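Asks: Everything below, folded, please.
(one chain, ligands or ions: 2)
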Amino acid sequence: MSSSPQIQIGVRCRRCSKFRHPREFVGGPYGYCLRCLEKHMAAMKMLEGGVPYACQECGITPMEVCERSGCDDIRMEMHYRDGLYQFLCKPCGDEYARKRLDIYEKTPFALRRGIG
Ligand SMILES: [Zn+2]
Ligand SMILES: [Zn+2]
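Replies: Ligands and ions are numbered 1, 2, ... in the order given. Now for the predicted structure:
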């Protein structure tokens, strides 16, 4: 009995770093995988005011932020994350910035938030 090795045919998306089937890419292997394209398009639509803002990580809307923690600060942020523009709520934005101190460390943004 020999177990055949798992062969993974895939191209690593340069944006989300996930392996995807080559057919799942738009614009060739250096373009977007379909998931990333979806996220990108959603961010662009939000920018145009086409769809209501919602955090692209946890899905919270400014309305819900308001209900949960008061309406003092319901800003959503645009982060350039995984090679894509994405709207994130503040906690998700902070979490991302903390993981990416290589780019955020010592920036006014990070210092203001006390994350590096
Ligand atoms: Zn991707
Ligand atoms: Zn969020």
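
Asks: where's residue 85 relative to ligand 1, distance?
Replies: The gap separating residue 85 from ligand 1 is 14 Å, by Cβ to the ion, to the nearest Å. For glycine as for every other residue, the C-beta is placed from the backbone atoms N, C-alpha and C.

Asks: hmm, the longest helix along the chain touching ligand 1?
Replies: Ranked by residue count and defined by DSSP state H, the top helix of the chain is helix 34-47. Yes: using Cβ under 5 Å from the ion, helix 34-47 reaches ligand 1 at residue 36.

Asks: C-terminal to that helix, what's the next element?
Replies: Next helix or strand after helix 34-47 toward the C-terminus (DSSP states H and E): helix 62-69.

Asks: Report the rounded mean pLDDT for the longest helix of the chain.
Replies: Average pLDDT, helix 34-47: 88.

Asks: Which residues outside it are in contact with it?
Replies: 13, 15-16, 18, 20, 24-26, 31-32, 51-54, 56, 78, 82-87 (Cβ atoms under 8 Å, 6 or more residues apart in numbering).

Asks: What are the buried residues along that helix?
Replies: Neighbour-count burial for helix 34-47, counted by 16 or more other Cβ atoms under 10 Å, picks out 36, 37, 39, 40, 42, 43, 46.

Asks: do stretch 101-115 as well
Replies: Applying 16+ other Cβ under 10 Å to stretch 101-115 flags 104, 110, 115 as buried.

Asks: Narrow these to those in strands?
Replies: The strands, defined by DSSP state E, take in nothing from the buried residues of stretch 101-115.

Asks: could those be laid out in CSV, adding pLDDT?
Replies: What follows is the buried residues of stretch 101-115, written out as CSV (pLDDT from 0 to 100):
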residue, pLDDT
104, 88
110, 90
115, 85
